[in-house]
Structure formats: C-alpha cells, structure tokens
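>>> structural data only, the sequence is not supplied:
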C-alpha cells in the first residue's frame, strides 16, 4: 500500500463529538512519549502531519486524519502521565474508552510500546481492555533502532509473554529508520 494523501480532519475532546460516519479507522494508542506521532508521520511520509507534543501527556484529545480519501488514522490520547490530576485523568480515560467501545468502523487498534522496556501495568490493562471488548489489535514495538538487531526478537518474545499474546502480534518499528513501515501498511491493506 502507498499512502498518497493524508490530511488532518479534526480533533475532539468530548464523547459526543466522536466521529461515527462509517469510514474505516485504524487507531494508535500507547503511553505518552512512545512515538505515536512519529509513527503516523512515518507511515504517511509527512513529518508535520501529526504533531508531537514537547510536553509528554499533553495530547488529551482524539485526532483524526483522512488517508487516501478512503480510511482514517486516529491518534488517541497518550496514557501514563498523570500531570492532569485524578479527576481529569478519568475524563480522558472516559473519552479513550468510549471511542474504543463505540467506534463501529474501527478496524484495528495499534498499541505502541517502547521495545526497550517491558510492558507497564497500563499497557497490560489496555491489552486486557481490548481482549475483554473483543477489539482487534496489534502491538507495535517502537524505537527498534535503539537496540541491537540481534536483541530485537528476544525483546519481542518477552513483550509478547508479558502481554500473553503470540509474538506474531508484535511488529518491530522505527520511525527514524523506517523499520516495520511496510509490514504495518501491508497489514492495513489486508484489513481493508
């Protein structure tokens, strides 16, 4: 698959603003600072499409991007930085949870994890949430360029083991070097 056109559509902060217009969606979720914006920008060959915040955890909205006039990337709020206070954190987890359970056009949730670290408690909760709600997902192990190639497969096995999923459900990725890009785009093309 080649992405020829990628445009920002809208951002929403309220549950009632969540789009449900039947356009197939691929959502990206993960801890703050895991590289969601960088991955989206790498996939669409535009380093300025999804904005990376200089302050981790600042993205507290759902950002929609129209791709090739036929499907959408959805950048979900990052989790893991509780600088917003307990009450506000519940609001964002509410927006995130509501999107995941109400989107009728959701094709796959890409859960991003940093390949250098084992999944956090929040990462495990996200996978459990997706499994419980019977939502299709793939794990993307980002920042693969930061560890030796010889260690990547072992790290993938450890991540899969912690998450109780098959290693084939983990795609290694590096936005810097384009590692995994073709595999992710091929997966999206097959889902469509």
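In hand now; what should we look at? As the structure is a prediction and not an experimental result, all values here were calculated from the model.

>>> in which helix or strand does residue 131 reside?
Residue 131 is part of helix 121-132, with elements assigned from DSSP states H and E.

>>> same for that helix, what does it pack against?
In terms of contacts (3 or more C-beta pairs under 8 Å, 6 or more residues apart in numbering; DSSP states H and E), helix 121-132 is packed against helix 86-102, strand 106-114, strand 137-142, helix 149-163. No exception for glycine: its C-beta is placed from N, CA and C like everyone else's.

>>> give me the below-cutoff pLDDT ranges for this protein.
Flagging of the chain using pLDDT under 70 yields the residue ranges 52-59, 80-93.

>>> point to the residue nearest the middle of it.
residue 28 (2.0 Å; C-alpha atoms, centre = their mean).

>>> which residues touch the closest residue to residue 189 other than its chain neighbours?
Excluding the flanking residues, the one nearest residue 189 by C-beta to C-beta, 6 or more residues apart in numbering is residue 1, at 3.9 Å. Contacts of residue 1 were listed using C-beta atoms under 8 Å, 6 or more residues apart in numbering, and they are 185-186, 188-189.

>>> in TSV: these, plus distance to residue 132, secondary structure and neighbour count.
Output for these, formatted as TSV (distance: C-beta to C-beta, whole Å; DSSP: H, G, I helix; E, B strand; the rest coil; neighbours: other C-beta atoms under 10 Å):
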residue	distance to residue 132	secondary structure	neighbour count
185	29	helix	15
186	28	helix	11
188	24	helix	21
189	28	helix	10
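
>>> those: which two are farthest apart?
Spanning the widest gap among the contacts of residue 1 are 186 and 188, at 7.3 Å by C-beta to C-beta.

>>> farthest residue from the center of the protein?
Most peripheral residue of the chain (C-alpha atoms, centre = their mean): residue 150, 25.3 Å.
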